[in-house]
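K.L.:
Fold the following for me, if possible:
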Amino acid sequence: MSNNQETKNLFKRLEKYPKILERIKTMIDIMEDKHGNCELLDDAEGALIPETSGIGKDLLECWSKKKAEEKKIVSEKNGLKKHCKKNSCYIQATEILD
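P.N.:
Modelled structure (predicted):
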């Protein structure tokens, strides 16, 4: 597969995750010092830390949503019901005594 094709495939995949794409754009802006506020290494590091932390959080959120959706599909396919608590503990005492 050519490098150009790989790049196109990557962008196609990133289009599904706009938050991730936006974080990557922001990190590239910091790397290129697009706004002129990263003259020192410490400045760039300070700007990148929240972005790298944020992209990690965003990636894990996407992962968990994908896994939850996969489990839901499998459960529906197998005819399983969603787990929920019983309501029997909420019966009033007067109902039991009658």
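K.L.:
For the helix or strand that Leu48 is a member of, name the packing helices and strands.
P.N.:
Assigned by DSSP states H and E, Leu48 falls within helix 41-78. Using 3 or more Cβ pairs under 8 Å, 6 or more residues apart in numbering; DSSP states H and E, the elements in contact with helix 41-78 are helix 18-31. Using the backbone N, CA and C atoms, a C-beta is placed for each residue, glycine as well.
K.L.:
neighbouring contacts of the helix it packs on?
P.N.:
14-15, 35, 38, 44, 47-48, 51-52, 54-55, 58-59, 62 (Cβ atoms under 8 Å, 6 or more residues apart in numbering).
K.L.:
In that helix, which residues are buried?
P.N.:
20, 23, 26-27, 30 (16 or more other Cβ atoms under 10 Å).
K.L.:
okay, those in a markdown table with distance to Ile73 next?
P.N.:
Shown next, in a markdown table, are those (distance: Cβ to Cβ, whole Å):
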| residue | distance to Ile73 |
| --- | --- |
| Ile20 | 23 |
| Arg23 | 28 |
| Thr26 | 33 |
| Met27 | 33 |
| Ile30 | 38 |
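K.L.:
what residue ranges in the protein are flagged as low confidence?
P.N.:
Within the chain, the stretches with pLDDT under 70 are 1, 80-98.
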